Every structure is written in C-alpha cells, then in structure tokens.
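S.K.: Only the shape, not the letters, is given here:
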C-alpha cells in the first residue's frame, strides 16, 4: 500500500516558525485539508510535500519511492502559451505530448510504419498511465468548463482565471497517486465546482489540499490539519464543520474544567488561610499549598483550541431608500448588438432584499452588474435606481484604486472622505480582520486578500444602502469569508452579489436568481443541493422536519428540567453535611490545640505516667478524627463542585 510520511518537519521563514516537528502518515483514501489563516504556511507545506521546497529539518517520504505526486504548476512559460490547451495539459504525462505530436504528423503524412511504431509506444505509456489519456484529458477539461474549441486553441487565448483552471486540469490529468491542490475552487462556477467535488471525492489515492470554499472542504476532507500561530499544527479526524463543532465543545469543556479548578483552589486556600497560623496544622496547610500548586499547573495547561479571529460589529444603518431600489425594463446587452447575451430582462429589486446572482461563467453576470452601475450602456431597455438609493460597488479591479504608498488606515480615511468617525473606520477594518497591527501597514506590503478586505470594509461603511458586489470572496481565506457572510447578513440595506461561494450564497443572502441564456429566473432551495442536483422532498418534508424539530426541542427542555431538579436534590444534602462537618472540625481542632498545649507543658509530666499516656492517646485520636473529617470534606467539595457544573453525582459522597 502506498504511503505519504512526514517526519518531524519544521519550517521557518524569517523570524517566524510556520510549523515545528510536524509528523503525518497518510494512506490512499485520506483526504487531508490544510486550514489556518493566510500566511500560516499551508501553501509552503504543499510545496514541501511536492518537493518544490525543502523543510529546515525533518523529511518527507513517499513509499514506494516512484509514487507519482501531482501539484499545480506555478507559472506558464511563453512557450506554453503557444501550445494548444489540450497538448499542454497532456504534457503532464511523460512523453505523451511528444507522442501525440508525432502521431498527428504521421497521420497527416499517412506514414503507416511510424503509426505502427507509435502504437507500440502508446501501449507502453497506457500500461503506466492508463488507457486513452487524451479522452481522459478532454473529459477533465470539459468538466472544468472548457468548450471543445477552447481545448484546441492556444493557451494564450485564455484569460487569467481560465489559465488557473488549465493548471488544475493538468494536475488532474497526471492521474498520480498523491494529489496536491492549492485553492482549486478559485475561478470555478457552480457547475465546475460540482464536477470537481465528485472527481476528487472519487479519487482513490491521497489528497492534500487547501480550499477556502466551505462546502468543498466539508464534502471532501476526512482529516484536517489546522496550522495555528503556536507553530504546533493540530491534526483532527473529520471535516471542517465538525472541527468547528469540536473546537466549540472543547472550549466549553475547558472553561467548565477551569471554573472547577478555580473553585477547588479557593476552597483549599480558605483552609490554608484559616489554619496556617496554627502550629498543629502547619503541615496540613503546607500539604494544601502543594495541592493548590498542582491545580494551578493543571489549569495553565487548559489552553483554548485554535480559534480563527473574529469580531462582532453592528453596522450603522444607512439612510433609508424608497421601497423600489432597482427596476429594469426590457434590458439587453451584447458586445455584438445582433447577438445579445440574454433576451430582454425585466425585474425589480425591493428594499431589504439580499440576492445572490448565479449563472455559468460567461453568461453575463458581471456585465449585468456593470449595466446596473452605469459602467456599460444597454443595447436595449433601461435600468432605474429608486428614490433615495445610494449604491456602493465592489469589484476585483477596484484594488487598483488603492495608493501603494498609503497606509491601511490612511486609505480608509481618504476613501471615506470624513463621512465616518475614526471609531467606525477602525471597527469596519476589524470586522474584515484588519486589526490594529495592520493600520500602519503600507498598501504595497498587502496581499491580494488583504487589499480585498480593505475595499470591502470601505464598501460596507461607505454609507451606501444598496451594495453591488462582484465576486467578493475571491482571494479571501475561510475566516475572511465568514466575516463577509456575517457582514452581508447583518447589513441593514439591500444587497445584490455575484458569487460562487456556496456558503455565502446559502448563509449570507435570502434569495437566489439564476441568469441563463433564456433569461433571469428565481430559484429556491438549498444552493448546495441545487448545485449538486441532490434536492429531495418538498414542502411536506420541510413541515415534517419542522414538526420533528419542535418535538425534539420540547423533549430536550423536559430532560434539562429533570436534570436540574435531580442536581438540586443531590446538592442540598451535601451542602448541609459540609456545614455540619465544618462545625465538628472547628470543635476537634479546638480540642486538639488544648491537648497539644497540655502535652507541651512540663507540669503535665509531673503526673502519673498513665495520665500522660491517656493524653497522648487522646491527641492521636483527635488527629485521626480531624484528618478523617477533612478527607470527607474534600470529597464533598469535589461532589458539590461537579453538581454546580451540572454533573450528576451518583453514589459516594
């Protein structure tokens, strides 16, 4: 069985350690997602696994040594750009592109002898790399959205986003045993995302990937490596959503445990404070101090699990617009006026609507937003903004508006033009994870994702009551996308956004519109089910689910009430018993002190030896009784603490 092993791998860049002593053991069927903030080292780790980069210490082993590793290329050369897309993708297979070129020449020249020889060479390659690689390459390219004409055309004719898809196609065509994917969902529409999910899910080898599309993460990953700020990556068995749930539950468990430890520490400290001055109890007090030290150490070890940065913030409500925010009548557009992108569109957007605009790449979604904004003029028809509507627009090309020499906070001030307070600007930056550490950073030093977040913060705080967002999740990591979803959900105005991030479309907007060649259509249901063609049931099923949820909620509340009553029944007698023992202990300690005083008095030994022996026996008995009482009180303290934390205590104290 093939294996991928990482043994004590460490990597430092500058003064920052990305990860230390990282060890992994992956086998076919393992699909490992790398998670963590931008800059945490996810892409660096992929390059180390692929052999493109080297660790500072440790090693990567692939067993057997000849196991193929597929990783997207970083750059496309000038020579590559002149090749047809299909031939460039086939270059991923050793010697295959050359074979294919020679085959095409032999066919053109009707060279039968060469064709026979090439057929033998083809058989040998197919034995190593699978049958019909050309058909397989065409199938992968088609799945990623490339039309047949584009497959035969030079790669240079493809735009930047489509070239990224071509890189992904080349990696998939390799058909290797280890597949490394760095943000493969970027630039994919819902249809291509659907295809890629099914392809990677069916891949029988090892997959290690970085993805910022939440649904892709959840459906593909069965293991997750979270690379945090402490340089000690955390390996979790499960997908991203289950990791988030585990993290939340772990945080709650740790908090309860910390509270319990603090309670025990207080009880023991009270004992120490009460009896440390009494010579007879000095040793017992010292013992309790040692116990307190051990509890403090245990408490210090209860660190919070890794938690992506987040910030709660309520937007200042913009000025209220009229009920109708946007209306379009008979709207058409075509770069060739005789061939419009869609038939005449007529639609109305009302105040408070939050709409996600869907459609295949190239269907004209961004074009429609530009028509609404006035960047383009329609071929026919018109759009009209309603009364009191103030639009605010975001598109990727707007990052060019930022001045390279400016700072984050300085550019925010410039773009806001004194229409927002300093506090509002800083809160907005914090919402998009550009906290105080970023405020004085030069724009020139920011990554693409950080520039996007700066512009999004400005758009949301600009005072616009109609936000028009064109692919706002591009270049954003998971935490930033979550902030964007929260910002859209909480925004008190109207939103129209083009996005391919299914989590945003499911959780951030309330309506979905589909733009197709036959017009604009409202679609309903779960966007994930829509994209994967897995929608099941109807309104009756939904009502049944709602009824079942209400029944479960009632049953849960009943169980919680029963549990609280049971805890109360167990807690009261223990508190009463503890109070009784405290009184008994005070009495015993008083007697013990008096007996100890008599034993330390020289006059005592002028009496008969029998009296002295009786006094010594009484002292020993009092010590045993007080120690037994304190042990029982300790058990009661533990039981009371557990009950106060909601745990039932059965049997014992």
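M.R.: That came in fine, so what should we check first? As the structure is a prediction and not an experimental result, all values here were calculated from the model. Residues are numbered from 1 along each chain as shown.
S.K.: now stretch 621-638: mean pLDDT?
M.R.: Stretch 621-638 shows a mean pLDDT of 81.
S.K.: again with stretch 593-613
M.R.: Per-residue scores along stretch 593-613 average to 80.
S.K.: Low-confidence bits of the stretch 101-250 of the chain, can you list those?
M.R.: When residues are selected by pLDDT under 70, those of the stretch 101-250 of the chain lie in 124-132, 175, 229-231.
S.K.: So which residues of the stretch 201-350 of the chain form helices?
M.R.: All helices of the stretch 201-350 of the chain, identified by DSSP state H, counting those that start in this stretch, fall at 214-220, 240-275, 282-301.
S.K.: The stretch 551-653 of the chain too?
M.R.: When assigned using DSSP H, counting those that start in this stretch, the helices of the stretch 551-653 of the chain occupy the ranges 609-644.
S.K.: In the protein, which residue is most central in space?
M.R.: residue 478 (4.8 Å; Cα atoms, centre = their mean).
S.K.: before we move on, back to that, comparing the helices of the stretch 201-350 of the chain, which comes out most buried?
M.R.: The densest packing among the helices of the stretch 201-350 of the chain, expressed as mean neighbour count by mean count of other Cβ atoms under 10 Å, is seen in helix 214-220 with a mean of 22. C-beta: built from backbone N, CA, C; applies to glycine.
S.K.: Packing partners of that one?
M.R.: strand 31-35, helix 190-202, helix 240-275, helix 478-490, helix 502-507 (3 or more Cβ pairs under 8 Å, 6 or more residues apart in numbering; DSSP states H and E).
S.K.: 6 Å instead?
M.R.: Helices and strands in packing contact with helix 214-220 are listed as helix 240-275, helix 502-507; criterion 3 or more Cβ pairs under 6 Å, 6 or more residues apart in numbering; DSSP states H and E.
S.K.: Which residue, other than its chain neighbours, is closest to the residue nearest to the centre of the chain?
M.R.: residue 212 (5.2 Å; Cβ to Cβ, 6 or more residues apart in numbering).
S.K.: and that neighbour, how many residues sit next to it?
M.R.: 23 (other Cβ atoms under 10 Å).
S.K.: Comparing the helices and strands packed on helix 214-220 by mean pLDDT, which bottoms out?
M.R.: Of all these, mean pLDDT reaches its minimum on helix 240-275 (a mean of 82).
S.K.: would JSON lines of the helices of the stretch 201-350 of the chain with distance to residue 348 be doable?
M.R.: JSON lines is the format used below for the helices of the stretch 201-350 of the chain (distance: least, Cβ to Cβ, whole Å):
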{"stretch": "helix 214-220", "distance to residue 348": "30"}
{"stretch": "helix 240-275", "distance to residue 348": "36"}
{"stretch": "helix 282-301", "distance to residue 348": "59"}
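S.K.: Go through those and name the closest to residue 482.
M.R.: helix 214-220 (8.2 Å; Cβ to Cβ).
S.K.: Would you mind confirming that residue 288 makes contact with residue 272?
M.R.: Yes: contact between residue 288 and residue 272 holds when scored by Cβ atoms under 6 Å: they sit 5.0 Å apart.
S.K.: And residue 385, its phi and psi?
M.R.: Per-residue torsions, residue 385: phi -80, psi 140 (degrees, to the nearest 10).
S.K.: Chain neighbours aside, what residue packs nearest to it?
M.R.: Nearest in space to residue 385, with sequence neighbours left out and distances taken as Cβ to Cβ, 6+ apart, is residue 326 at 6.0 Å.
S.K.: Pull up the distance across stretch 25-45, start to finish.
M.R.: Counting by Cα to Cα, to the nearest Å, the length from the leading to the trailing residue of stretch 25-45 is 14 Å.
S.K.: Check stretch 59-79 too.
M.R.: Its first and final residues considered, stretch 59-79 spans 34 Å by Cα to Cα.
S.K.: which outside residues touch that stretch?
M.R.: Counting by Cβ atoms under 6 Å, 6 or more residues apart in numbering, stretch 59-79 makes contact with 2-7, 49-50, 167, 171, 174, 176-180, all of which sit outside it.
S.K.: One more pass at 7 Å, please.
M.R.: Contacting residues not belonging to stretch 59-79 are listed as 2-7, 9, 46, 48-50, 155, 163, 167-168, 170-171, 174, 176-180, 182 [Cβ atoms under 7 Å, 6 or more residues apart in numbering].
S.K.: Looking at the residues you listed, which are in helices?
M.R.: Cross-referencing these against helices under DSSP state H gives 46, 48, 49, 50, 163, 167, 168, 170, 171.
S.K.: Helix, strand or coil: sort out the residue nearest to the second one when sequence neighbours are not counted for me.
M.R.: Sequence neighbours aside, residue 55 is the residue nearest to residue 48 in space, at 5.4 Å (criterion: Cβ to Cβ, 6+ apart). What DSSP: H, G, I helix; E, B strand; the rest coil gives for residue 55 is coil.
S.K.: same question, residue 361
M.R.: Taking three-state DSSP, the label given to residue 361 is coil.
S.K.: For it, which non-adjacent residue is closest in space?
M.R.: Of all residues apart from its sequence neighbours, residue 189 sits closest to residue 361 (Cβ to Cβ, 6+ apart), at 4.6 Å.
S.K.: For that neighbour, give me its contacts.
M.R.: 145, 360, 361, 500.
S.K.: just checking, the first one touches residue 190?
M.R.: This means residue 145. No: Residue 145 is not in contact with residue 190 according to Cβ atoms under 7 Å; the separation is 10.6 Å.
S.K.: ok, now which ones touch the residue nearest to residue 478?
M.R.: By Cβ under 7 Å, 6+ apart, residue 212 lies in contact with 183, 476, 477, 478, 481.
S.K.: Please tell me how far the closest residue to residue 271 other than its chain neighbours sits from residue 15.
M.R.: Distances taken as Cβ to Cβ, 6+ apart put residue 288 closest to residue 271, at 5.3 Å, once the chain neighbours are dropped. Distance, residue 288 to residue 15, by Cβ to Cβ, to the nearest Å: 44 Å.
S.K.: before we move on, the earlier item: to residue 346, which of the helices of the stretch 201-350 of the chain lies closest?
M.R.: The minimum distance between residue 346 and the helices of the stretch 201-350 of the chain falls on helix 214-220, with 32.4 Å, by Cβ to Cβ.
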